[in-house]
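J.: A predicted structure for the sequence below; I have some questions about it.
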Amino acid sequence: MDRSESRARESIKLIIAKHYDRESGIYDESRFKTSTWYRRIDEETCKVLNMYLKGKTVLELGAGTGRYGIFCSKRGFQWLGIDISSGMINKARENFNKYGLNLSIIQGDVEDERLYPENYYDNVICVKSFAFFPNPKIVIKNVFKTLRNGGRFIVVTANNDSLYARIKRPKSDLMNFYSFRDMKNC
Ligand SMILES: C[S@@+](CC[C@H](N)C(=O)[O-])C[C@H]1O[C@@H](n2cnc3c(N)ncnc32)[C@H](O)[C@@H]1O
């Protein structure tokens, strides 16, 4: 990747962070309370997490307002979230206080390898965030570094062929969608 491409990808991250700073005030309302579409995705996500989470520890990438932190913590997992948007992080902390939960979420870029202790987590999860990462190979390398032997990487994201990807892709160059095969080959 040349320098201008790498600069372009860095500026995409800033645009995304600013976008979610602005969205943070209405994110939970618009996604989980009023939208049937997002509620369905949420229900399916919870089913998948119930089915596949194992062990004790969970790292969430692009954790947003902390919804799945609350979910994991209620099921006895030790959870840590990473998000790039300070607005989303503030909202997550508000949500944790509301539920009386002492959960940690840190502001950072999921590409930053310093955020990943070696051979530590039983699960890494990423819900509706993977498509925003401009350098997915770097993220996957970090995930494999931090997962324990036999650990799980659970990603909930629109498939490249999904209707959602077809609608979003021509309008936004901020998102990248992948097929299952692309993800495996990353
Ligand atoms: C659609 S939201 C999903 C939030 C949460 N996982 C959920 O399902 O409600 C995408 C989140 O990914 C975060 N994000 C995007 N790019 C990121 C990056 N490079 N590093 C960390 N977080 C990122 C955004 O700030 C945003 O909170």
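T.: Nice, I can see it.

J.: what's the closest non-adjacent residue to the residue nearest the centre of the chain?
T.: Nearest to the geometric centre of the chain sits residue 62, at 3.1 Å (C-alpha atoms, centre = their mean). Of all residues not flanking residue 62 in the chain, residue 129 sits nearest, at 2.5 Å (C-beta to C-beta, 6 or more residues apart in numbering). All C-beta atoms are positioned from the backbone trio N, CA, C, and that covers glycine.

J.: count the residues that sit near the one you found.
T.: Neighbours of residue 129 under the rule other C-beta atoms under 10 Å: 23.

J.: before we move on, back to that, my read is that the residue nearest to the centre of the chain contacts residue 92, right?
T.: No: using C-beta atoms under 8 Å as the test, residue 62 is too far from residue 92 to be in contact (11.5 Å).

J.: interface residues of this structure facing the ligand?
T.: Residues of the chain lying close to the ligand by C-beta under 6 Å from any ligand atom are 13, 16-17, 20, 62-64, 67, 82-85, 88, 109-110, 127-129, 132-133.

J.: average pLDDT for the strand ranked longest in the chain?
T.: Ranked by number of residues, the top strand in the chain under DSSP state E is strand 147-156. In this model, strand 147-156 has a mean pLDDT of 97.

J.: what's in contact with it?
T.: 41, 44-45, 48-49, 52-55, 119-128, 130, 140, 143-144, 183 (C-beta atoms under 8 Å, 6 or more residues apart in numbering).

J.: with only the CA atoms kept, save that strand in PDB.
T.: Extracted in PDB, the C-alpha atoms of strand 147-156 (Å, rounded to 0.1, in the frame of the first residue of the first chain):
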ATOM      1  CA  LEU A 147      -6.900 -15.400  21.200                       C
ATOM      2  CA  ARG A 148      -5.900 -18.400  23.300                       C
ATOM      3  CA  ASN A 149      -5.500 -21.700  21.700                       C
ATOM      4  CA  GLY A 150      -9.000 -22.800  20.600                       C
ATOM      5  CA  GLY A 151     -10.400 -19.300  21.200                       C
ATOM      6  CA  ARG A 152     -13.200 -17.900  19.000                       C
ATOM      7  CA  PHE A 153     -13.600 -14.900  16.700                       C
ATOM      8  CA  ILE A 154     -17.300 -14.200  16.300                       C
ATOM      9  CA  VAL A 155     -18.100 -11.600  13.700                       C
ATOM     10  CA  VAL A 156     -21.600 -10.400  12.900                       C
END
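
J.: for residue 21, what are phi and psi?
T.: phi -60, psi -40 (degrees, to the nearest 10).

J.: dump the residue contacts of the spatially closest residue to it that is not a sequence neighbour.
T.: Closest residue in space to residue 21, ignoring its immediate chain neighbours: residue 87 at 3.6 Å, by C-beta to C-beta, 6+ apart. Residue 87 makes contact with 20, 21, 22, 23, 24, 25, according to C-beta under 8 Å, 6+ apart.

J.: much appreciated, bye for now.
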